[in-house]
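J.: quick one: sequence plus predicted model below, questions after.
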Amino acid sequence: MKKKVLATMMTGVLAASMLAGCGSSSSSSGASTAAGDAPAASTEAAASTTVAAASTTEAAADTSSTEAAASSDTDYSADNGEIYMFISSPEYADAINTLIDEYSNVAPNVTINYETTQNDYPTMLKAKINSGDVPDIFSSTSGMEIDTYREYSYDLSDEPIAAAMDDGVKSAMASAEEGGGVYGLAIKGNYFGMVYNKDILADCGLEVPQTLDDFKSACETIESKGYQAVSTGFMEWWVFKQSSMNFLNAAAKANGETPADMVKKFQKGEAKISDYPILYDNWFDFVDTCVKYGDDKPLETDLAGEEQAFASGNVAFILGQGPWVETDLLSINPDLNIGFAGYPCDDKAEDALMVSGSDQALHVNKDSENLQAVLHFVNWWYTSDYGQSWFTDVANVVPPIKTDKESTSTIVQQGREAVEANGSGELSECYSSDSFNQAFGEDMQAYITGTTDKDATCAAIEKDWQDIDGASVQ
């Protein structure tokens, strides 16, 4: 049954891609390199790493002595064979290569073939699954896609990794249909908001905009001072899903419903975007403003382009980004004074919330030919001394595990402070599948090119929501 759904979803995404005509192209697999020598993370290039290990055994430390014993008693040297890891989020390629390199000191006979891409990842994954080539470790969003891929996923509930996992992250890995289970693991918790240059705003005499009108006025002022207001990253389909969550949340709130219930109505074909002024008017006004005050060629600006533009010190805001860009930004310009805030989406400052949560799930293929070695790897990742410190000391992310350690990332710290002070917006992108999110991004790209007007774009989004996600909604 699910296989039929996957095939339908894949067809829908391919059709949306062809209709949009301007979606991001898929990455091609790079040549295998030694661990740690991966190319710089980019959504345009895949990093592929093959690791053959030398041998020592790492003692594990965890929140419980049982987990520590389970990990330290494991004879990793007895594992052998290959693990194929095909995941999205190439922005973490360097950190994962470092993780794999360290594991090469633990499991001497295991080869990890690591491939990562962002462009067209949902389509590429479904093609692999439908051809019977299910990766040993693959990724999806959390939320709805946990059940989309559940029949291929190993339930980690009884593994040491589950006890080490943060309770909030664990709940995001549960099956809504089944009412339990742990069908994934996370690379990180996360914060989603708008990255801004504090010095530019100060030079322009501006506070952080908290309403849509404030944002539009700020962009005008910033441009008048000789700066570029926005770098959009609109070449990347996923920038749209991450920039629109505040709008989804505020639209549902204004209509007296939850974001999950509102999204389900769209998936069932029971709602129109025009029913929600914050979506129909404010969202498109926001996008139009960002195009007006943004890059000369917004659909040619990808993640790397945003980073270069922002690191130049001449751009005030970048869209769709979060903690994962900080290391790259500071490596280009160590003097950047980085700020982080929620997206202004209406006339209420309280709706410009920081969004937080675990948006990604890595799944272990339950039918992997090397399942035991895969389980040993992910358990080691979450329970060993090195694996636990990797989240804060190498990846510099919000740890998805139970730990007192905190990331030193400026963006993470500002995200945490904002959530503690004002609460968190819902991670509403995860109420839809990433196949829909990709189609949504491509629909918005078509709108930006002028191929479709607002009403035609809304109609396309509504159709994609129903065609791609409708079959999975009960």
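T.: Structure's in. What do you need?
J.: please make it C-alpha for all contacts and neighbour counts, starting now.
T.: OK.
J.: mean pLDDT per helix and strand in this structure: which one sits at the bottom?
T.: The weakest-scoring helix or strand in the chain, judged by mean pLDDT, DSSP states H and E, is strand 32-33 (a mean of 30).
J.: in the sheet, who's paired with residue 361?
T.: Legend: beta-bridge partners of residue 361 under DSSP bridges are residue 140.
J.: how much space between it and residue 145?
T.: Here the distance between residue 361 and residue 145 works out to 9 Å (Cα to Cα, to the nearest Å).
J.: gap between residue 472 and residue 267?
T.: 9 Å.
J.: okay, these two: which has more neighbours?
T.: A side-by-side neighbour count of residue 472 and residue 267, using other Cα atoms under 10 Å, places residue 267 first with 26 against 19.
J.: ok, that one touching residue 461?
T.: No. Residue 267 is not in contact with residue 461 according to Cα atoms under 8 Å; the separation is 10.2 Å.
J.: who touches residue 465 in this structure?
T.: Applying Cα atoms under 8 Å, 6 or more residues apart in numbering, we find residue 465 in contact with 266, 267, 269, 436.
J.: doesn't residue 112 belong to a strand?
T.: Yes. With DSSP: H, G, I helix; E, B strand; the rest coil as the criterion, residue 112 is assigned to a strand.
J.: and the closest residue to it other than its chain neighbours, what element?
T.: The shortest distance from residue 112 to any non-neighbouring residue, by Cα to Cα, 6 or more residues apart in numbering, is to residue 83 (4.7 Å). Using DSSP states H and E, residue 83 sits in strand 81-87.
J.: could you list the buried residues of that strand?
T.: Buried positions in strand 81-87, judged by neighbour count with 16 or more other Cα atoms under 10 Å: 82, 83, 84, 85, 86, 87.
J.: what pairs with that strand, parallel or antiparallel?
T.: In the sheet containing strand 81-87, the strands it pairs with under DSSP bridges are strand 110-116 (parallel), strand 137-141 (parallel).
J.: now render those as TSV, adding mean pLDDT, mean neighbour count and distance to residue 399.
T.: Putting the strands paired with strand 81-87 into TSV (pLDDT from 0 to 100; neighbours: other Cα atoms under 10 Å; distance: least, Cα to Cα, whole Å) gives the following:
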stretch	mean pLDDT	mean neighbour count	distance to residue 399
strand 110-116	96	24	21
strand 137-141	96	24	17
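J.: and of the ones you listed, who's closest to residue 365?
T.: For these, distance to residue 365 was read as Cα to Cα. The smallest value, 6.1 Å, belongs to strand 137-141.
J.: okay, the helix or strand following that closest one in PDB with CA atoms only?
T.: Going down the chain from strand 137-141, the next helix or strand is helix 144-148, by DSSP H and E. Output for helix 144-148, consisting of C-alpha atoms alone and laid out as PDB, is shown next (Å, rounded to 0.1, in the frame of the first residue of the first chain):
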ATOM      1  CA  MET A 144       4.300  13.100   8.500                       C
ATOM      2  CA  GLU A 145       7.200  11.400   6.700                       C
ATOM      3  CA  ILE A 146       7.900   9.100   9.700                       C
ATOM      4  CA  ASP A 147       4.800   7.100   8.600                       C
ATOM      5  CA  THR A 148       5.500   7.600   4.900                       C
END
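J.: contact partners of helix 144-148?
T.: Contacts with helix 144-148, where a contact means Cα under 8 Å, 6+ apart, come from 2, 6, 140, 173-177, 183-184, 361, 430-434, 472.
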